[in-house]
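Peer 1: Prediction below, plus the sequence it came from.
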Amino acid sequence: DPSYAEAYMKRAWLRRMMGRTQEAMLDFNAAMQINPFSEYIYDRRATLKMLATDYEGALEDINKAIFLAPLNNEFRDHRVEDLILLGDYESALADIDTLISRNYFPENQYEKKAIIAMLQPNLSLSKSYIDSALAVNPSSSIAYDIRGVIFLKERALDQAIESFSKAIALNPNFALAHYNRSVAYRYMGNPKQASNDLDKAVQVSHDISQVYFMRAVVKKELGDLTGALLDYDKALVIDSAYNEALFNKAFTLKLMGDYGSALVHANEITKLEPEDPANWNLKGNIHLMFGDH
């Protein structure tokens, strides 16, 4: 049945889960042509656009979904996430207040308020929102993780680790909390503990490029250049536009004495970011290794 919109939508969602973004978008577009009044297709396509960093396009789709189903709290919640990514904090807060008034997962809404306050930045206000979230749900691992990030920004490292550890105790498979705690351990000069947390984060989730990047940084600090190179590659497989990982890969190859490969990647990063002086400095240093003064 070529006009079966729901089948297109389900196949699109499966392809999205497999990382086949372009094929998923084609399926969502086909479903939309068949059923242009489905709020669920608009919402799902918006999620895909957010993953593709098309936040304006996502907002357009979410607004259409909400227009078709104004009382659907889930759609409004998705719009909050998109508005935060767009930096439209005032509109995001208005939607959050609406969701709190509807008693829609209020602890999650306070957590989002805390994130917005942290981004503005207003760390004291962010802490008060986290207190509100924990008053609603004292077992929220996300709230403890956000509180840890606040302490991390304040360089209160012991308190940050305590908060991240609480989040992990509540949810041992919380990859982001393991990653955040690794950052705190690294700031404390404890790369081995950081490495343990990053290994756990990778075991739990295989698709977070920042985790592989940070583990590569820690491996380099521990003297494992080969392991660092492998992790930079994994980060770039997940996010081909991760320019910092590309820069670090070129730098690591230089340290390993593979100047030819290092120069290839240095040429690539200077083309991608021609205004960054660090990229040209790296390229110049690699030419120096060849004696190409």
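Peer 2: Good, I have the coordinates. Because the structure is a prediction, the values reported are computed rather than measured.
Peer 1: So what touches stretch 39-56?
Peer 2: Outside of stretch 39-56, the residues that reach it under the criterion Cβ atoms under 8 Å, 6 or more residues apart in numbering are 5, 9, 12-13, 16, 21, 24-25, 28-29, 31-32, 35, 57-62, 64-66, 68-69, 72, 74-75, 78, 81-82, 85-86. C-beta: built from backbone N, CA, C; applies to glycine.
Peer 1: Please enumerate the strands of the stretch 101-250 of the chain.
Peer 2: Listed in chain order, the stretch 101-250 of the chain contains no strands at all (DSSP state E, counting those that start in this stretch).
Peer 1: For it, which residues score under the pLDDT cut-off?
Peer 2: Nowhere does the stretch 101-250 of the chain drop to pLDDT under 70.
Peer 1: All the helices of it, residue numbers only.
Peer 2: Using DSSP state H, counting those that start in this stretch, the helices of the stretch 101-250 of the chain run over 106-119, 123-136, 141-153, 157-170, 175-187, 191-204, 209-221, 225-238, 243-255.
Peer 1: so which of the ones you listed comes closest to residue 275?
Peer 2: Residue 275 lies closest to helix 243-255 among the helices of the stretch 101-250 of the chain, at 12.0 Å (Cβ to Cβ).
Peer 1: And stretch 39-55, what's buried?
Peer 2: Neighbour-count burial for stretch 39-55, counted by 16 or more other Cβ atoms under 10 Å, picks out 39-50, 55.
Peer 1: any idea of the mean pLDDT in it?
Peer 2: In this model, stretch 39-55 carries a mean pLDDT of 88.
Peer 1: what sits against residue 197?
Peer 2: By Cβ under 8 Å, 6+ apart, the contact set of residue 197 is 178, 179, 181, 182, 185.
Peer 1: Compare those residues and tell me which is most surrounded.
Peer 2: Of the contacts of residue 197, residue 181 is surrounded by the most neighbours, 29 neighbours in total, counting by other Cβ atoms under 10 Å.
Peer 1: For the helices of the stretch 101-250 of the chain, give me TSV that also has distance to residue 95.
Peer 2: Formatted as TSV, the helices of the stretch 101-250 of the chain follow (distance: least, Cβ to Cβ, whole Å):
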stretch	distance to residue 95
helix 106-119	9
helix 123-136	15
helix 141-153	18
helix 157-170	26
helix 175-187	23
helix 191-204	30
helix 209-221	27
helix 225-238	30
helix 243-255	32
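Peer 1: Is the spatially closest residue to residue 61 that is not a sequence neighbour part of a helix or strand, or is it coil?
Peer 2: Beyond its immediate neighbours in the sequence, the residue positioned closest to residue 61 (Cβ to Cβ, 6 or more residues apart in numbering) is residue 46, lying 3.7 Å away. Here residue 46 is helix, with the state taken from DSSP: H, G, I helix; E, B strand; the rest coil.
Peer 1: Any figure for the gap between residue 46 and residue 56?
Peer 2: 11 Å (Cβ to Cβ, to the nearest Å).
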